[in-house]
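Asker: 3D, please:
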Amino acid sequence: MRVVAGELRGRRLKAPRGRDVRPTSDRVREALFSVLSNVSGARVLDLFAGSGALGIEALSRGAAAAVFVDASAAAVAAVQANLEALALEAEVRALPAQRFLATARESGRQYDLVFIDPPYRLAGALGEPLSAALPPVLAPGARVVVESDRRAPLELRLPLADERRYGDTLIRIHEFR
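Answerer: Numbers count the residues shown, from 1 in each chain. All right, here's what the predicted structure looks like:
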């Protein structure tokens, strides 16, 4: 796994071990960022960060800042190792996504680009709670990118702007107005 484009293009990334980790492939990340186009200056939130590949890709392409959130100690360690190896500064939080969203809401934080890539087996149960928790932390015009299995998609109650399928991977891009 590597950074696909931008300032850090070609640099390798480490992924945490385990069955719940399914890093977004280079091909899917390249296609996704082609659809997203310009992410320069964006404040990024990478929920269920895993290796941090999506948020790191955004930073490589000019995002202003990123916060990486994962409840798994192995994932948090992988994100920290990747950030350190790439000499990037970013906030890494070892928390469940919903708990982080509650604290972000209380502090008034808002994000322009949010990546949500949970373990596929959890996707069905996350739609409702994330649909309720996300709007207060989304800046006007924010985009929310959801990656899930096409057979069991994560359903958010946010306006859908685009949907793409890459094999069994379903990418949905929602826009917050």
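Asker: Where does the residue nearest the centre of the chain sit: helix, strand or coil?
Answerer: Central residue of the chain (Cα atoms, centre = their mean): residue 115, 2.5 Å from the mean position. Secondary structure, DSSP: H, G, I helix; E, B strand; the rest coil: residue 115 is strand.
Asker: Give the closest residue to it in space, chain neighbours not counted.
Answerer: Leaving aside its chain neighbours, residue 115 sits nearest to residue 54 (4.2 Å; criterion: Cβ to Cβ, 6 or more residues apart in numbering). Backbone N, C-alpha and C define where each C-beta goes, glycine included.
Asker: and that neighbour, what helix or strand is that in?
Answerer: Per DSSP states H and E, residue 54 falls inside helix 53-60.
Asker: Residues contacting that helix, please?
Answerer: The contact list for helix 53-60 (Cβ atoms under 8 Å, 6 or more residues apart in numbering) reads 1, 3-9, 13, 15, 23-24, 29, 32-33, 39, 42, 44-46, 49, 63, 66-68, 82-83, 86, 88, 90, 113, 115, 117, 145.
Asker: rewinding a little: report how many residues lie close to the residue nearest to residue 115.
Answerer: The tally of other residues near residue 54 (other Cβ atoms under 10 Å) stands at 29.
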